[in-house]
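# Turn this into a structure:
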Amino acid sequence: MIGYVTLGTNDLARAAVFYDALAAELDTPRMMDFDGFIAWGKPGGAAGIGLTKPFDGNPATVGNGVMIALEARDKEQVDRLYELALAHGGTCEGPPGPRGDSFYAGYFRDPDGNKLNAFIMT
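Below is the predicted model:
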């Protein structure tokens, strides 16, 4: 059910060295590498890990920048999961849509404020 976990960082370069070492041991390469975001994992493999500076611009703290990602079967399921979340007390953190060339996701928070998304690699 969990596709990947995102963790916040205040120093992406320093954190990347740490996670590159762990990923190398686990034979899990970088699969995305952008200015403010790096992810390790294998398409179709086990849950991966992403590192990012928090989107809201505030410093990363325990929990800020943390998000649980739920892997969907298709874009339609992403849309349904997003709508179900909102219908059951969730709030929007970014409507479903493409992010880059090969990623489709919708972002939301649960009633307690925990951040989640539903996604699919296209």
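
# Mind telling me what element the nearest residue to Gly94 once chain neighbours are set aside is part of?
Among residues not flanking Gly94 along the chain, Tyr107 sits closest, at 3.8 Å (Cβ to Cβ, 6 or more residues apart in numbering). The way it works is simple: take the backbone N, C-alpha and C, and place the C-beta from them, glycine included. Per DSSP states H and E, Tyr107 falls inside strand 103-109.

# which neighbours does that strand have in its sheet, and in what orientation?
Applying DSSP bridges, strand 103-109 is found paired with strand 91-98 (antiparallel), strand 115-121 (antiparallel).

# Need the residues that contact the shortest one.
Think strand 115-121. Under the criterion Cβ atoms under 8 Å, 6 or more residues apart in numbering, residues 3, 43, 66-75, 77-78, 81-82, 85, 93-94, 96, 102-110 lie in contact with strand 115-121.

# Can I get the buried part of the residues you listed as one PyMOL selection?
Selection command for PyMOL covering only the buried members of these, criterion 16 or more other Cβ atoms under 10 Å:
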select buried, resi 3+66+67+68+69+70+71+72+75+78+81+82+85+93+96+104+105+106+107+108+109
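
# just the strands in this structure please.
2-8, 30-34, 37-40, 48-52, 67-71, 91-98, 103-109, 115-121 (DSSP state E).

# Switch those strands over to CSV, and while doing so, append distance to Tyr19 and mean pLDDT to every line.
Converted to CSV, the strands of the chain look like this (distance: least, Cβ to Cβ, whole Å; pLDDT from 0 to 100):
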stretch, distance to Tyr19, mean pLDDT
strand 2-8, 9, 88
strand 30-34, 9, 94
strand 37-40, 6, 95
strand 48-52, 6, 92
strand 67-71, 16, 89
strand 91-98, 24, 97
strand 103-109, 20, 96
strand 115-121, 20, 94
